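Colleague: just coords:
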């Protein structure tokens with residue numbers, strides 16, 4: 001049996017399978033160290049590919065079928081400058097398998113950016129890292145989306161032109177950011193690791209296909225279209241990498257400041273106690289070390305599909 005849902009305009013949206021786990025997405029960060037003094041050349045490569053009229057969505061940008069969202073960031077301020085891909089994609093599809101290592105290899109060697117010469121500006125391939133994967137992965141703490149998030153190409157705020165130019169929604173723009181947050185060592189790091197490894201009792205907990213009523217209320221108030229938090233373990237400790245796509249980050253801050261929604265208040269309380277510098281995410285302005293180079297969204301990416309409160313994904317899938 002199949003169910004139908006409706007989008008925010010009241011029109012029939014899409015036919016959905018009775019088993020919601022048939023279409024679970026995967027979210028991945030691919031981090032590529034770049035050569036010294038290569039930042040300008042990388043900007044040129046990404047701008048050249050993004051301006052191609054044939055590149056009209058995330059799959060055309062990545063060369064991978066079934067990609068819902070693709071964003072590319074450049075960080076050049078540290079001693080180890082990095083190019084980062086954020087991908088939200090279907091678990092199955094053609095053009096690449098869905099393991100993090102395979103996705104990283106494909107982006108480096110077979111994507112349109114690779115064809116345009118990106119590879120010569122990257123550091124050695126053995127330093128590339130993929131974080132995340134299926135929504136049951138311990139590396140994915142949160143993946144939530146707004147029930148009416150944009151589809152098809154959108155302009156990025158404060159940019160002269162849309163990043164992916166064809167078919168832009170009239171008057172619609174988004175803000176996109178990737179923020180790195182270091183977890184305090186000791187008890188705080190242990191607690192974050194425990195939360196990542198533990199099964200949860202509802203689909204609206206730390207790992208989300210969509211949202212519960214409380215979470216949907218704050219997402220709507222914020223205008224936060226997509227939010228994904230990854231857990232990154234490295235030799236120097238534990239970090240959270242938070243991807244955000246929003247109507248306006250100013251609106252996000254205002255929503256947090258003016259609400260008593262328990263999800264918002266509980267999140268702020270936890271972040272102040274778990275993070276070394278919680279002001280990086282709780283106070284204006286957002287850190288800007290990860291420069292957005294490209295942002296593309298799919299014409300049919302999930303947005304209105306709800307899950308009822310039920311046993312967690314991990315327990316349902318036997319993980």
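Modeller: Happy to help now that I have it. Every value quoted in this text rests on a predicted model; they were computed, and no experiment measured them. Residues are numbered from 1 along each chain as shown.

Colleague: ok, and what's touching stretch 34-51?
Modeller: 55, 61, 72, 74, 76, 81-83, 112-113, 116-118, 121-123, 163-165, 293-294 (Cβ atoms under 8 Å, 6 or more residues apart in numbering). In this view, the C-beta of every residue, glycine as well, is placed from N, C-alpha and C.

Colleague: Among those residues, which are located in helices?
Modeller: 61, 112, 113 (DSSP state H).

Colleague: just these: which has the poorest pLDDT?
Modeller: The member of these with the lowest pLDDT is residue 61, at 87.

Colleague: what about it, how many neighbours?
Modeller: By other Cβ atoms under 10 Å, the residues close to residue 61 number 28.

Colleague: for residue 76, same thing?
Modeller: Residue 76: 19 neighbours (other Cβ under 10 Å).

Colleague: Excluding chain neighbours, what is closest to residue 52?
Modeller: In space, and not counting its chain neighbours, residue 52 is closest to residue 112: 7.6 Å by Cβ to Cβ, 6 or more residues apart in numbering.

Colleague: just residue 69 next, same as before
Modeller: residue 88 (4.1 Å).

Colleague: buried stuff in stretch 138-154?
Modeller: Buried positions in stretch 138-154, judged by neighbour count with 16 or more other Cβ atoms under 10 Å: 138-147, 149-154.

Colleague: Restricted to strands, list these.
Modeller: 140, 141, 142, 143, 144, 145 (DSSP state E).

Colleague: re earlier: so the residue nearest to residue 52 versus residue 220, what's the distance?
Modeller: Residue 112 sits 35 Å away from residue 220 when distances are taken as Cβ to Cβ, to the nearest Å.

Colleague: circling back: quick one: which of the buried residues of stretch 138-154 is nearest residue 185?
Modeller: residue 141 (18.1 Å; Cβ to Cβ).

Colleague: distance of that closest one from residue 69?
Modeller: According to Cβ to Cβ, residue 141 and residue 69 sit 18 Å apart.

Colleague: and if you look at residue 240?
Modeller: From residue 240 to residue 69 the distance is 19 Å (Cβ to Cβ).

Colleague: Comparing those two, which shows the higher neighbour count?
Modeller: residue 69 (25 against 20).

Colleague: Enumerate every residue touching that one.
Modeller: Residue 69 touches 58, 86, 87, 88, 226, 245, 296, 297, 298, 301, counting by Cβ under 8 Å, 6+ apart.

Colleague: Could you export the residues you listed as a markdown table, including neighbour count and distance to residue 257?
Modeller: A markdown table is the format used below for those (neighbours: other Cβ atoms under 10 Å; distance: Cβ to Cβ, whole Å):
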| residue | neighbour count | distance to residue 257 |
| --- | --- | --- |
| 58 | 26 | 33 |
| 86 | 25 | 27 |
| 87 | 26 | 32 |
| 88 | 26 | 28 |
| 226 | 26 | 22 |
| 245 | 26 | 21 |
| 296 | 25 | 31 |
| 297 | 27 | 28 |
| 298 | 20 | 32 |
| 301 | 21 | 29 |
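
Colleague: tell me which of the residues you listed is nearest to residue 173?
Modeller: Nearest to residue 173 among these, with distances taken as Cβ to Cβ, is residue 245, at 11.1 Å.

Colleague: what comes into contact with the helix or strand where the closest one lies?
Modeller: Counting by DSSP states H and E, the element that carries residue 245 is strand 237-246. Strand 237-246 is contacted from outside by 29, 69, 71, 86, 131, 141, 149, 174-183, 185, 189, 192-193, 222-232, 252, 275, 281, 295, using Cβ under 8 Å, 6+ apart.

Colleague: Work out the gap between it and the centre of the chain.
Modeller: 9 Å (Cα atoms, centre = their mean, to the nearest Å).

Colleague: again with stretch 235-244
Modeller: Here stretch 235-244 is found 13 Å from its chain centre; the criterion is Cα atoms, centre = their mean.
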